[in-house]
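J.: Kindly generate the corresponding structure for this input.
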Amino acid sequence: MRWTLRDIQAGRLKLSPPSDEDLQVLAALGLIELGDDEPVLTPAGAAVPSG
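T.: Below is the predicted model:
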């Protein structure tokens, strides 16, 4: 999941799109918000990849 958050943060979703299940789990944990176009990290989600 950490790699998925890093990909979202870096805008690399077109190269390796995350599964819908992964996105739903991250959204349920409050780490991302699912918008119309692409998922966006929440402040809590942005803190995870950096440690």
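J.: host element of L26?
T.: In the assignment (DSSP states H and E), L26 maps to helix 20-28.
J.: so after that helix, what's the next helix or strand?
T.: Next along from helix 20-28, by DSSP H and E: strand 32-34.
J.: Next secondary structure after that following strand?
T.: Strand 32-34 is succeeded, C-terminally, by strand 39-41 (DSSP H and E).
J.: List the contacts of that following strand.
T.: Contacts of strand 39-41 with the rest of the structure, by Cβ atoms under 8 Å, 6 or more residues apart in numbering, involve L5, I8, Q9, L13, P18, L23, L26, A27, L31, I32, E33. To be clear about C-beta, it is placed using only N, CA and C from the backbone, and glycine gets the same treatment.
J.: If we use 7 Å, what do you get?
T.: L5, I8, Q9, L23, L31, I32, E33 (Cβ atoms under 7 Å, 6 or more residues apart in numbering).
J.: What is the neighbour count of the fifth one?
T.: The burial count assigned to L31 is 22, neighbours taken as other Cβ atoms under 10 Å.
J.: Kindly report the same for the third one.
T.: When neighbours are defined as other Cβ under 10 Å, Q9 has 16 of them.
J.: Return the list of helices and strands in contact with the helix holding L26.
T.: strand 32-34 (3 or more Cβ pairs under 7 Å, 6 or more residues apart in numbering; DSSP states H and E).
J.: Off-centre distance for the strand it packs on?
T.: 7 Å (Cα atoms, centre = their mean, to the nearest Å).
J.: which residues sit against it?
T.: By Cβ under 7 Å, 6+ apart, strand 32-34 touches I8, L23, L26, A27, P39, V40, L41, T42, G45.
J.: Run through the residues that contact the first one.
T.: When you say that, I think you mean I8. With Cβ under 7 Å, 6+ apart, I8 has these contacts: I32, P39, L41.
J.: Can you classify it by secondary structure?
T.: Secondary structure state of I8, per DSSP: H, G, I helix; E, B strand; the rest coil, is helix.
J.: What pLDDT does the model give it?
T.: I8 is assigned a pLDDT of 92 by the prediction.
J.: ok so, going back, got the contacts of strand 39-41 as a markdown table, with distance to P49 columns?
T.: Formatted as a markdown table, the contacts of strand 39-41 follow (distance: Cβ to Cβ, whole Å):
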| residue | distance to P49 |
| --- | --- |
| L5 | 5 |
| I8 | 9 |
| Q9 | 6 |
| L23 | 16 |
| L31 | 10 |
| I32 | 12 |
| E33 | 16 |
